[in-house]
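>>> Show me how the following folds:
(one chain, ligands or ions: 1)
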Amino acid sequence: MTDSPLRIDDRGAIRVVTVDRPDKLNALNSATLDALHAAADAASTDPDVRVLVLTGAGSKAFVAGADIAEMSGLSPAQGRDFALRGQRMMRRFERLPKPVIAMVNGFALGGGLELAMCCHLRIAADTARLGQPEINLGLIPGFGGTQRLLRLAGRAAALELCLTGAPIDAVRSLQLGIVNRVVPAAELEAETMKLASQLAGAAPLALRGILDCIQVGGEAGIEEGLEYEAAQFGLVFSTDDMREGTSAFLDKRKPVFGGR
Ligand code: COA
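Got it, this is the predicted structure:
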């Protein structure tokens, strides 16, 4: 598997998926899109994986975009298929029933920012630069960038980033709500693993309920969203973890969640 575009590394219940094309700044070609889709499928159904971390190899880039060399030769129909391939993969991560954290270790441009935005949480190194530079290539974002940036950071920020193509630094990304946290580059991995460990110790079915509610609610009206939340709230009362969590509180001990 030496030519795989991904590295997959299990650290207890945390699976770290690294896009591993550092000589191309981890650009997303078709093979990488497909490998990421397969990694999302595998993590989704593996009960031993409770949290996923996505990152890029090397210290320079998270992912510097879709592969420009591959895109340059595409026909319109192939361009549409390439966009759908990326969109489907990113939707798979977004709808994963367990938390996905983007560890943004450098450039997150174009498809890289799109990949980070389909994750549930984003931690960026203070050296990271984020942007949607497709306009500079005569292109537009095609892996969900216009849609997720709009929803994540609002219309003004989405228009500014996509129309100008200019990258922004990590601190501005934090101000715009594009990333959750910015940490010194040297502490990025430790801080990400700390957050991942915290989530790995939480009740998996309750985490799943929260992910579902926030995803469904973000794509529905308030009445439907509230109704969905109440239904999910009811559902967690069927779990052993809910009994464990509430009795551990009453017994003044630390809960142990088994995911049942
Ligand atoms: N697709 C394909 N290859 C890419 C790439 C991409 N999105 N981004 C970087 N690379 C490749 C470069 O072509 C170069 O390959 P080479 O050594 O075979 O020539 C290698 O990665 C290193 O990139 P380089 O441009 O030399 O690094 P840099 O430090 O000078 O610049 C960036 C870094 C990120 C500013 C620059 O690579 C860049 O602008 N990349 C494209 C970003 C982009 O437009 N993304 C959206 C694509 S839709």
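>>> only C-alpha atoms for contact and neighbour calcs from this point on.
Noted.
>>> Which secondary structure elements does the helix ranked longest in the chain sit against?
When the chain is parsed with DSSP state H, its longest helix is helix 76-94. Counting contacts by 3 or more C-alpha pairs under 8 Å, 6 or more residues apart in numbering; DSSP states H and E, helix 76-94 packs against helix 30-45, helix 111-118.
>>> Go through those helices and name the closest to the ligand.
Counting by C-alpha to the nearest ligand atom, the ligand lies closest to helix 111-118 out of these; the figure is 6.3 Å.
>>> What about the one residue in the stretch 51-200 of the chain that gets nearest to the ligand, how many residues nearby?
Among the residues of the stretch 51-200 of the chain, D67 lies closest to the ligand, at 3.5 Å counting by C-alpha to the nearest ligand atom. Close neighbours of D67, defined as other C-alpha atoms under 10 Å, add up to 19.
>>> any idea whether A124 is helix, strand or coil?
strand (DSSP: H, G, I helix; E, B strand; the rest coil).
>>> in its sheet, what does the very next helix or strand once past the longest helix of the chain sit against?
Downstream of helix 76-94, the next assigned helix or strand under DSSP states H and E is strand 100-104. Looking at strand 100-104 with DSSP bridges, its partner strands are strand 51-56 (parallel), strand 121-125 (parallel).
>>> How about residues contacting strand 100-104?
Applying C-alpha atoms under 8 Å, 6 or more residues apart in numbering, the contact partners of strand 100-104 are 51-56, 61-62, 93-94, 116, 119-125, 128, 188-189, 192, 196.
>>> Show the pLDDT at A66.
Reported pLDDT at A66 in the predicted model: 98.
>>> At which residues are the strands of the stretch 151-260 of the chain located?
168-169, 181-183 (DSSP state E, counting those that start in this stretch).
>>> Buried deepest among those, which one?
The highest average neighbour count among the strands of the stretch 151-260 of the chain, using mean count of other C-alpha atoms under 10 Å, belongs to strand 181-183 at a mean of 20.
>>> That strand pairs with which strands?
When DSSP bridges is applied, strand 181-183 pairs with strand 121-125 (parallel).
>>> what does the stretch 51-200 of the chain put close to the ligand?
Within reach of the ligand by C-alpha under 6 Å from any ligand atom, the stretch 51-200 of the chain has these residues: 64-69, 109-110, 133-134.
>>> and R92, what is it in contact with?
R92 neighbours (C-alpha under 8 Å, 6+ apart): 37, 40-41.
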